[in-house]
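Enquirer: sequence plus predicted model, see below.
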Amino acid sequence: MKGQNDARRIMQKIATVLAMAGGLLALTASVFLYCGYWHYYRYQEAIRNVRSLEREYPALEKRLRAVVNCYPLSVFYYELGRLHLRRAMAEVEFYQAQNSDIYLDKAREALLRAVEGNPLDHSFLWELSKVYFLYNYPIMTYAEKGRLICREALRRYPYNEFLFLNIALIFFEQWPLLEQSEKEWLAESLKRMIGADPRFIDRLRNRWRQSYRETRTLDARLAELKLSP
């Protein structure tokens, strides 16, 4: 009987120690999560008020590095990737695309971490596709990889009109680069979206007109897909 009581007391002590350790781990995780969000909201405030991305980029990156170091959530890596991508796009816009690769590499690394943490979120893949469209711009060396990632993003959310509208524009803009299989995929995706909302084609043409001041080019490409403008 004494042996049974001793064993019971030992098990109770072990259970108590494990409970205390679990509580301590939960408390530590909560503290790090709180610190992560504290830095994250400070970053959101700073990015809203940014005046010169080039000048303020080091401080913004430092803030987001603190965020992911506190708690490596996918959404935090996503924001870090978007910051690097914006910095790379600034180089392209100022005709210094040769300087953008360092930021694109950082963006790719952060966005891949976001995708690994939450592979179901299509927005992470959408941002990642932009990285490959900008590598070696304007040569578009990795455009095919970017389009493949776009297709994967849409596979996760096939009826997201905003996502597909942007993807369709990219495919039509890169029309001379498309393989026949990509055109067939585009035609099938357009038919699915038009079936869900017949006005989608009008929105597509309006977006094209806003960018290019004409729709003849788009209409010709739609006709090749056997889709009426």
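Expert: On my side now, so go ahead.
Enquirer: any idea how far S100 is from I201?
Expert: For S100, the distance to I201 (C-beta to C-beta, to the nearest Å) stands at 34 Å. Where you see a C-beta, it was placed from the backbone N, CA and C, and this is true even at glycine.
Enquirer: which of the helices and strands in the protein ranks last by mean pLDDT?
Expert: Within the chain, no helix or strand scores below helix 2-48, which has a mean of 57 by mean pLDDT, DSSP states H and E.
Enquirer: G195: neighbouring residues, count only.
Expert: G195 has 9 neighbours, counted by other C-beta atoms under 10 Å.
Enquirer: tell me the phi and psi of the nearest residue to D101 once chain neighbours are set aside?
Expert: In space, and not counting its chain neighbours, D101 is closest to Y135: 7.0 Å by C-beta to C-beta, 6 or more residues apart in numbering. According to degrees, to the nearest 10, the main-chain angles of Y135 amount to phi -60, psi 130.
Enquirer: ok, S100 and I201, which is more surrounded?
Expert: When S100 and I201 are compared for neighbours, S100 comes out ahead with 25 against 18, by other C-beta under 10 Å.
Enquirer: and the strands in the protein?
Expert: With strands called from DSSP state E, the chain shows none.
Enquirer: which intervals of it have sub-threshold pLDDT?
Expert: For the chain, applying pLDDT under 70 flags the ranges 1-36, 95, 229.
Enquirer: please enumerate the helices of it.
Expert: 2-48, 53-70, 74-93, 101-117, 122-134, 143-156, 161-173, 180-196, 200-212, 216-224 (DSSP state H).
Enquirer: please look at A66 and W38 and confirm they touch.
Expert: No - with contact defined as C-beta atoms under 8 Å, A66 and W38 do not form a contacting pair (9.2 Å).
Enquirer: more neighbours: which of the two?
Expert: Between A66 and W38, counting by other C-beta under 10 Å, A66 is the more crowded of the two (17 against 13).
Enquirer: spit out the contact partners of the residue nearest to that one when sequence neighbours are not counted.
Expert: Counting by C-beta to C-beta, 6+ apart, H39 is the residue found nearest to A66 once chain neighbours are left out, at 4.6 Å. For H39, the contact set (C-beta atoms under 8 Å, 6 or more residues apart in numbering) comprises 63-64, 66-67, 70.
Enquirer: 10 Å instead, please
Expert: 62-71, 76 (C-beta atoms under 10 Å, 6 or more residues apart in numbering).
Enquirer: can you name the two of the residues you listed that are farthest apart?
Expert: Farthest pair in those (C-beta to C-beta) is K62 and Y71. Separation: 16.3 Å.
Enquirer: who has more neighbours out of the two?
Expert: Taking other C-beta under 10 Å, K62 and Y71 do not tie; Y71 has more neighbours (18 against 12).
Enquirer: for I139, what are its contacts?
Expert: By C-beta under 10 Å, 6+ apart, I139 lies in contact with A97.
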